[in-house]
Structure formats: structure tokens, C-alpha cells
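Enquirer: please work out how this folds:
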Amino acid sequence: MSPRIRLCLLLHASVLFSSECCQGSESVGDEARAGTVEAGSFRIESFGHRECLVTDAKVNGHLVHLAVDTGSAPPVVIFSAETARLGLKIAKGAPTSGVLKPGHYQSSISEPCSFQLLGAKVDNAVLLVAPDSQDPAESDGLSGLLGWSAIHNGIWGIFLGLPRTVLVPLTELPAADHNGVKLVVLDDDSTLSLRFADARSDNPRIIVDTGNNDGVMLPPEQWRAWNLEHPDAARTIELASVGGDSITPHEIAWADEIKIGNLVLRDVPVSEADRVYTQQAAAGERIVALGLAAVMRIDLAIDGSRKMAVAWTRFSPPRPFPHNRIGATFAPPVVKPPDSSAGVRGIDLIAHVAARSPAALADVRNGDVLLKVNGRSASEWWNDPKTGFDGPVGSVFDLSLRRGKSLIRRTVVAKDLLVPRSQN
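Expert: Have a look, this model is predicted:
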């Protein structure tokens with residue numbers, strides 16, 4: 001049962017993917033603008049328990065699939081399991097000491113290699129090599145990440161609600177009509193960060209993070225206020241972790257409509273923001289993060305060179321959102337990466353149950369200890385990355401539990417929880 005682990009990595013030392021290592025080219029993104037981008041070059045694909053915005057590139061002539069992560073600072077990151085296939089050699093190993101903040105990993109540095117993206121080629125690129133995703137089901141088929149800094153100077157349209165082409169180059173920024181919301185792209189080119197152009201003091205800063213599957217992620221005080229205002233919102237619960245932080249239960253609700261500044265999003269998941277976002281806030285500042293599911297509910301045009309953007313609300317039905325369909329999850333009392341990757345043996349898996357969920361209605365309670373799932377032992381279930389409670393509607397889960405000194409069985413049937421009200 002794999003937790004939702006965000007793919008974010010640490011850039012260490014003064015490593016450049018640009019002028020120092022690429023024979024004077026400012027960055028691969030700058031050269032790519034002169035190349036040809038075919039429809040479908042950027043697309044949504046499923047990997048294990050998550051969806052990714054994906055593009056193709058080549059390393060030393062070998063095809064790689066990269067998750068486009070606008071919340072990742074390094075331009076290009078390759079997972080270590082791919083180095084042999086790609087002929088990548090390590091020039092400098094990862095640091096072995098130091099305390100990492102949540103969301104950071106130690107990374108190695110490759111020797112110069114050939115890198116090709118969007119029709120442009122760099123012959124002496126130096127890439128980061130990082131640990132594989134801690135969820136094997138997620139990293140299977142993915143070779144690494146393409147960060148925002150690789151393409152930040154282009155003019156892009158992010159139209160994730162469309163069936164095929166989802167990120168396309170534009171010749172100019174579309175004009176903001178009466179439905180468009182004007183935004184400013186902040187000078188930090190490492191991640192995609194926006195402010196509202198009207199500069200009202202109560203408007204939050206927005207971090208756009210396509211490497212996170214979630215929707216709208218609110219700072220803790222705003223999340224608590226939203227829950228008080230929406231006590232009957234449909235919700236579920238997942239295990240989640242930002243790299244380097246503990247794996248913890250993470251509640252996700254469904255918003256029919258939510259307003260961020262003067263930008264309105266409809267039919268979108270909403271949850272509390274991880275520390276990797278909130279710790280970036282300056283004194284008195286609020287940060288709201290938009291994950292992939294939230295970006296799918298807007299059309300967003302960005303001119304990185306002029307630091308301008310425009311967003312429009314999408315009114316079309318949302319894509320299905322992968323989620324826990326029983327509204328309960330089971331976890332050890334504390335799991336800290338990298339210990340989580342080693343599995344659990346002989347450790348109680350404790351129930352965390354969302355109110356009014358199928359699990360709650362089947363009398364699964366907070367604190368119940370999981371013994372078996374459909375006849376499989378709890379440890380076997382936990383250690384299998386392909387298991388989970390996000391299977392098809394109607395899936396039946398026979399749970400053997402311990403409650404106090406009593407052994408009980410409960411049967412839970414999966415149903416869609418995080419969907420538009422019209423589908424409930």
C-alpha cells in the first residue's frame with residue numbers, strides 16, 4: 001500500500017545545467033524554444049497511484065520519460081536506477097551528512113552527457129542524479145523530472161483540461177478578457193510562483209506544483225476555516241509524505257467551488273498544504289499551492305520572460321481524481337523515510353477514518369488495528385506497492401481488525417468520494 005510521496009529533490013553545490021556546463025548555452029529551455037514541439041509532446045499519464053504531466057527527452061541518445069514538475073528546482077533530474085541504461089557516470093556523489101528540510105533529497109552529479117529536449121540538443125549537460133521515487137509503482141516507467149527552470153523563459157499555455165495536448169508553446173500571451181485573472185510570475189525562476197497583479201495585501205502567493213497530484217492546498221489556518229464552513233464536504237484520507245518528512249494521514253475534501261484571491265476553481269480537491277510549501281512563506285505571507293488536479297481546473301498562460309500570466313476558470317467536467325475510495329487508511333504510529341521503503345514487520349497498522357466514508361459506515365473506527373486485507377496479512381499488504389484502496393468502484397475489501405481485545409471483521413465497498421456533486 002503505497003503512500004502518496006511527492007517527487008521533490010535537493011540541488012546541492014553550485015551545479016548549473018546552463019552556461020558553465022553547456023558551452024555557453026543559457027539553458028536547454030532557451031534552445032528548446034527554437035525547436036519544434038509536436039502536439040502530444042506533453043501529456044498526462046498514470047504511473048502507479050498517481051498521474052503525471054510527462055514529456056519525452058533523450059540522454060546520450062536514449063529515450064527518457066520525464067515528469068514535468070513545476071515545483072522542482074533543478075532543471076533536470078534523473079533517477080539513479082536509470083543511470084546504467086543511459087550510460088550516465090557519476091562525477092560527484094551525494095553528500096552523506098547534513099539535515100534536510102522536508103521536500104529535499106541528497107543528489108549526485110553526473111559527468112557531462114548529451115541531452116535533447118523539444119528539438120534542442122546540449123552536448124555537455126551536467127544532470128542531477130537522485131534517489132528513485134520511494135514508491136516503486138510510481139517510478140516504474142519514469143526516468144526522472146523536468147523542473148520549471150528548464151523551460152521558465154518560454155511562453156506556455158497549460159491547458160490540462162483538454163483531452164490530448166496539455167502544455168503547448170505560444171507565440172504571445174493571450175489578452176486577459178473579463179473572465180481572465182492577471183498574475184505576475186515571481187523572479188524566483190526555480191519554481192513556478194505567482195502573485196495576483198492587483199497586489200491586494202490579503203491575496204496569497206500561489207505556488208504551482210505539477211509534481212504534486214493534489215488539488216488546492218491551503219495553509220493550516222485557512223484549511224481549518226474551510227472545514228468549519230464546509231462540514232458536509234465529501235472527504236477521504238490518504239497516507240502522504242513529502243520527501244524527508246514523516247508519512248502521515250492526509251485528509252482530502254472536495255470543493256464544489258473555492259476562491260483563491262480573485263481566481264475561482266470549481267470541482268476540485270482541497271487539503272492542507274505540506275510544510276514544504278508553508279515554510280517558504282515570508283512574515284505575514286500566505287501561500288496557497290496548486291497541485292496537478294487544481295491546475296487541471298484552470299487554463300493558464302505564462303510568459304516567463306516578461307513575468308506575466310493569465311488564468312481562466314474551467315467549467316468543463318473534471319478528469320477523474322485518483323483517490324482512496326473507502327475513506328480509511330492504515331499506518332504505523334510513525335514512519336520516516338527512508339525507513340518506510342524497508343517495509344514493516346510486526347508493527348501495528350492503525351486505522352485513520354474519514355467521517356461519513358464507506359469505511360466509517362461499515363463501522364471501521366479510528367484506532368482499529370489492521371490484521372488482514374482480503375486474506376493477506378497486514379504487513380504483506382503494506383509492503384506491496386501495487387495495493388491500495390483506490391481501486392475501481394465496487395471493489396470489496398474484507399478487513400480483519402483488532403479493536404481493544406476483540407477480533408472483528410468488517411466489509412467495505414469502494415465508492416467514488418471525490419467527484420462533482422452531480423455524480424454522487
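
Enquirer: pretty sure residue 206 contacts residue 183?
Expert: Yes - if you go by Cβ atoms under 8 Å, residue 206 and residue 183 touch, sitting 7.5 Å apart. All C-beta spots, glycine's among them, are computed from the backbone N, C-alpha and C.

Enquirer: so what sits against both of the two?
Expert: Both residue 206 and residue 183 are contacted by 194, 195, under the criterion Cβ atoms under 8 Å, 6 or more residues apart in numbering.

Enquirer: which other helices and strands contact the helix ranked longest in the chain?
Expert: Assignment by DSSP state H gives helix 220-229 as the longest helix of the chain. Helix 220-229 sits against strand 248-260, strand 263-272, with contacts defined as 3 or more Cβ pairs under 8 Å, 6 or more residues apart in numbering; DSSP states H and E.

Enquirer: just say which of these is most tucked in.
Expert: strand 263-272 (a mean of 22; mean count of other Cβ atoms under 10 Å).

Enquirer: in the longest helix of the chain, which residues are buried?
Expert: 222, 223, 226, 227 (16 or more other Cβ atoms under 10 Å).

Enquirer: and stretch 369-376, by the same measure?
Expert: In stretch 369-376, counting by 16+ other Cβ under 10 Å, buried: 369, 370, 371, 373.

Enquirer: tell me who's in contact with the second one.
Expert: By Cβ under 8 Å, 6+ apart, residue 370 lies in contact with 330, 348, 349, 350, 351, 378, 381, 399, 400, 401.

Enquirer: in which helix or strand would I find residue 293?
Expert: helix 292-295 (DSSP states H and E).

Enquirer: got the contact list for that helix?
Expert: 51-53, 158, 160, 208-217, 265, 268-269, 318-319, 321.

Enquirer: so for that helix, mean pLDDT?
Expert: Averaged over helix 292-295, pLDDT sits at 94.

Enquirer: for that helix, C-alpha coordinates in PDB please.
Expert: Presented in PDB, the C-alpha positions along helix 292-295 are these (Å, rounded to 0.1, in the frame of the first residue of the first chain):
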ATOM      1  CA  LEU A 292      -1.900  18.900 -10.700                       C
ATOM      2  CA  ALA A 293      -5.600  18.300 -10.000                       C
ATOM      3  CA  ALA A 294      -6.100  22.100  -9.400                       C
ATOM      4  CA  VAL A 295      -4.100  23.100 -12.500                       C
END
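
Enquirer: doesn't residue 195 make contact with residue 203?
Expert: Yes - assessed by Cβ under 8 Å, residue 203 is found in contact with residue 195 at 7.1 Å.

Enquirer: one step back: inside strands: which ones of the buried residues of stretch 369-376?
Expert: 369, 370, 371, 373 (DSSP state E).

Enquirer: for these, which two are the farthest from each other?
Expert: Greatest spacing in those, by Cβ to Cβ: 369 and 373 (12.5 Å).

Enquirer: from the contacts of residue 370, which ones fall inside helices?
Expert: 378, 381.

Enquirer: now the contacts of residue 370 as CSV including pLDDT and neighbour count?
Expert: Below are the contacts of residue 370 laid out as CSV (pLDDT from 0 to 100; neighbours: other Cβ atoms under 10 Å):
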residue, pLDDT, neighbour count
330, 94, 24
348, 90, 16
349, 93, 21
350, 95, 16
351, 96, 22
378, 93, 22
381, 88, 20
399, 98, 23
400, 98, 18
401, 98, 22
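
Enquirer: where does the stretch 301-424 of the chain dip in pLDDT?
Expert: Applying pLDDT under 70 to the stretch 301-424 of the chain flags the ranges 334-346, 424.

Enquirer: count the neighbours of residue 60 for me.
Expert: 14 (other Cβ atoms under 10 Å).

Enquirer: is it true that it touches residue 114?
Expert: Yes - between residue 60 and residue 114 there is a contact at 5.2 Å, judged by Cβ under 8 Å.

Enquirer: tell me how far residue 292 lies from residue 215.
Expert: 8 Å (Cβ to Cβ, to the nearest Å).

Enquirer: circling back: check the offset of the longest helix of the chain from the chain's centre.
Expert: Between the centre of helix 220-229 and the centre of its host chain there is 22 Å, according to Cα atoms, centre = their mean, to the nearest Å.

Enquirer: need the contact partners of that helix.
Expert: For helix 220-229, the external contacting residues (Cβ under 8 Å, 6+ apart) are 218, 233, 253, 255, 258, 270, 271, 272, 273, 278, 286, 288.

Enquirer: which is the next helix or strand following that helix?
Expert: Following helix 220-229 toward the C-terminus (DSSP H and E): strand 235-242.

Enquirer: which parts of the stretch 301-424 of the chain are strands?
Expert: 308-313, 328-331, 349-353, 369-373, 376-377, 396-403, 406-413 (DSSP state E, counting those that start in this stretch).

Enquirer: buried residues, the first one. List them.
Expert: Along strand 308-313, these residues count as buried under the neighbour rule (16+ other Cβ under 10 Å): 308, 309, 310, 311, 312.

Enquirer: now do it: which elements does it pack against?
Expert: Short answer (3+ Cβ pairs under 8 Å, 6+ apart): strand 308-313 packs on strand 181-185, strand 263-272, strand 298-303.

Enquirer: using a markdown table, lay out those strands together with distance to residue 174.
Expert: Below are the helices and strands packed on strand 308-313 laid out as a markdown table (distance: least, Cβ to Cβ, whole Å):
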| stretch | distance to residue 174 |
| --- | --- |
| strand 181-185 | 11 |
| strand 263-272 | 16 |
| strand 298-303 | 5 |
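
Enquirer: out of those strands, which is closest to residue 365?
Expert: So among the helices and strands packed on strand 308-313, strand 263-272 is nearest, using Cβ to Cβ, at 22.4 Å.

Enquirer: got the angle for that closest one vs helix 220-229?
Expert: 100 degrees (axes from the mean of the first three to the mean of the last three Cα atoms, to 10 degrees).

Enquirer: could you find the closest non-adjacent residue to the spatially most central residue of the chain?
Expert: What sits nearest the mean C-alpha location of the chain, by Cα atoms, centre = their mean, is residue 212, with 1.1 Å. Spatial nearest neighbour of residue 212, excluding adjacent residues (Cβ to Cβ, 6 or more residues apart in numbering): residue 291 at 3.8 Å.

Enquirer: correct me, but the one you found touches residue 218?
Expert: No - Residue 291 is beyond contact range of residue 218, at 11.7 Å (criterion: Cβ under 8 Å).
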